[in-house]
Each structure stands twice: as C-alpha cells, then as structure tokens.
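>>> let me see the structure of the following:
(one chain, ligands or ions: 1)
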Amino acid sequence: MRLRNVAGSREAIAQSRFVVQNPKERKNKWRELFGNSNPLQIEIGMGKGRFIMDMARLHPEINYIGIEKFSSVLIRGIQKMEKEELPNLYFIRMDAEELTDVFGEGEVNKIYLNFSDPWPKDRHAKRRLPSREFLNRYRTILTKEGNLEFKTDNQDLFAFALEELEPAGWQLDKITHDLHHDTKMMEENVMTEYEERFSSMGNPICKYIISAIRSGTEKNS
Ligand code: SAM
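Below you'll find the model as predicted:
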C-alpha cells in the first residue's frame, strides 16, 4: 500500500476510544473489553477498514478487532467509526509480529488476511503474513476449532501461501483460484477495498480457508 503521511494521525489514534491503546494488557481478557462472551475474530492488515466494518455491521453477535501497522492508514478507519460507531469493533495499531504478546492461547476464533503485502524479495519471505512464521503465531492464538481465511489477487503470494501449509502443519479446508466465479465460496463474501479495485480490473481473486492440524490430545484438551 502506498503511504501518504497523514498529519496528526498518530496523535488522533493515541486519543481515539475506538483504538485499544495498551493491547498487551488485554491479553487473555479480550472478552471483558466487549462485555460479552461472543466469539472473537480479527483482521490483520485491515487497511482503511471497509471489510472489518462491514463484517461488524453484519454480525453483531461476533466481536471484531482490526489490526493495522500504519497510523496514516488506520486513521481512515477511525474517521469512519466516528461517523458510525460499531459496538462490536475495536482497532489496534501494531505490527502483527507481536500477535502472541497481545492475544492469549486459543483466544481468537478466526483470522482474516485480505490482500496482504506480497514482500516479493526472497529475503523478506518471513514478513509475508501467510508465511510459516506467521502461521505458527496464528496457531497459538486460535481456538482448537479456529480457522483462517486469506484472499489475494497476487498469484505468486498465493502459491507461496499454499506451499507453506504442509511445513507449518496446516490443512486446506476450502480453496478457489477465482472466487468471484465460485458461487459457493462467494456466498456471504464481503469485499475489501483492494478486492473491489483488483477484481474490477479483471484480476481473479484467490482464496483459501485453512486450519491448523492438531494432535488428538491437543484437540480434546
Ligand atoms: N486488507 C485491506 C484490503 O484488502 O483492502 C488492505 C490491504 S493492504 C495491501 C495491506 C495492509 O496490511 C496495509 O495497510 C499494511 O499496512 C498492512 N500490514 C502489512 N503488514 C502488516 C503487519 N505485519 N502488521 C499489521 N498490518 C500490516
């Protein structure tokens, strides 16, 4: 994502009631923030927040957290929340590398990755959000029944993401290489900003749904 510095965004984020300011202090206590025991779903790399806001509006019975690394992008989501407050949604400004400091074991029910940055150079592979390094973090914070949904139009990133599954001990539950022509997987699809842009250019959208393979004892514990 090309970033334009938005003056005052850091300060506005530090004061926003829609942003969790000290997320590490919330570890293992996220339900208290929402005041209910609804499932918790997170989007990593939420950008300007269209997807996560639409999800929160559609599913008031689910709690959502949108995670974004850059203030100048997150500020757009905050501005939208100021116009339309959604009680089941909060934002965090953080790098997803810190996920396991912020969420406890099995605290998250579902993770969404939408149009994650491709990091095309090999030496940056560990920074790709569907990499095995990130899959290990996701495994820790997801519930035993939890899963992860990933969408992208980047064919190379999708091929990489598929190759990472086996070494990381994850399984493919559903897959399409052309989401917008897959009637079944399009049911309940919620578009992201990037998805709208790239699909309108004619790019096919790839999507998978995956879950971590757990040992028998892990599953039952
Ligand atoms: N998900 C949105 C969509 O589909 O429209 C935005 C996609 S944009 C290409 C990727 C976003 O992920 C950027 O806003 C970027 O700052 C954020 N991002 C990338 N790596 C991240 C990380 N390690 N932690 C948090 N956010 C990250």
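
>>> look up how far A12 lies from Y194.
24 Å (CB to CB, to the nearest Å). From N, CA and C alone the C-beta is placed, and that goes for glycine too.

>>> settle it for me: which of those two has more neighbours?
Y194 (23 against 17; other CB atoms under 10 Å).

>>> biggest strand in this protein, by residue count?
Criterion DSSP state E: the longest strand present in the chain is strand 142-152.

>>> average pLDDT across that one?
Regarding strand 142-152, the rounded mean pLDDT is 98.

>>> give me the next element, helix or strand, following it.
helix 155-168 (DSSP states H and E).

>>> so which elements touch the helix or strand just after that next one?
Sequence-wise, the next helix or strand downstream of helix 155-168 (DSSP H and E) is strand 170-176. On a contact count with 3 or more CB pairs under 8 Å, 6 or more residues apart in numbering; DSSP states H and E, strand 170-176 meets helix 155-168, strand 206-212.

>>> the same query, at a cut-off of 7 Å, please.
Packed against strand 170-176 by the contact rule (3 or more CB pairs under 7 Å, 6 or more residues apart in numbering; DSSP states H and E) you find strand 206-212.

>>> adjacent strands (with direction) for the strand it packs on?
Within its sheet, strand 206-212 is paired with strand 142-152 (antiparallel), strand 170-176 (antiparallel), according to DSSP bridges.

>>> and the ligand, is it touching that?
No. Judged by CB under 6 Å from any ligand atom, strand 206-212 stays clear of the ligand, getting no closer than 11.9 Å.

>>> give me the contact list for that strand.
139, 142, 147-152, 158, 165, 169-177, 179, 185 (CB atoms under 7 Å, 6 or more residues apart in numbering).

>>> try it again at 6 Å.
With contacts defined as CB atoms under 6 Å, 6 or more residues apart in numbering, strand 206-212 is touched by 139, 147-152, 158, 170-177, 179.

>>> for the residue nearest to the spatial centre of the chain, give me its contacts.
Nearest to the geometric centre of the chain sits E43, at 2.2 Å (CA atoms, centre = their mean). The contact partners of E43, taken as CB under 6 Å, 6+ apart, are 52, 66, 112.

>>> now name the helix or strand holding the second one.
With secondary structure defined by DSSP H and E, G66 is part of strand 63-68.

>>> does any bit of that strand sit next to the ligand?
Yes. Strand 63-68 lies within reach of the ligand by CB under 6 Å from any ligand atom, at 67-68.
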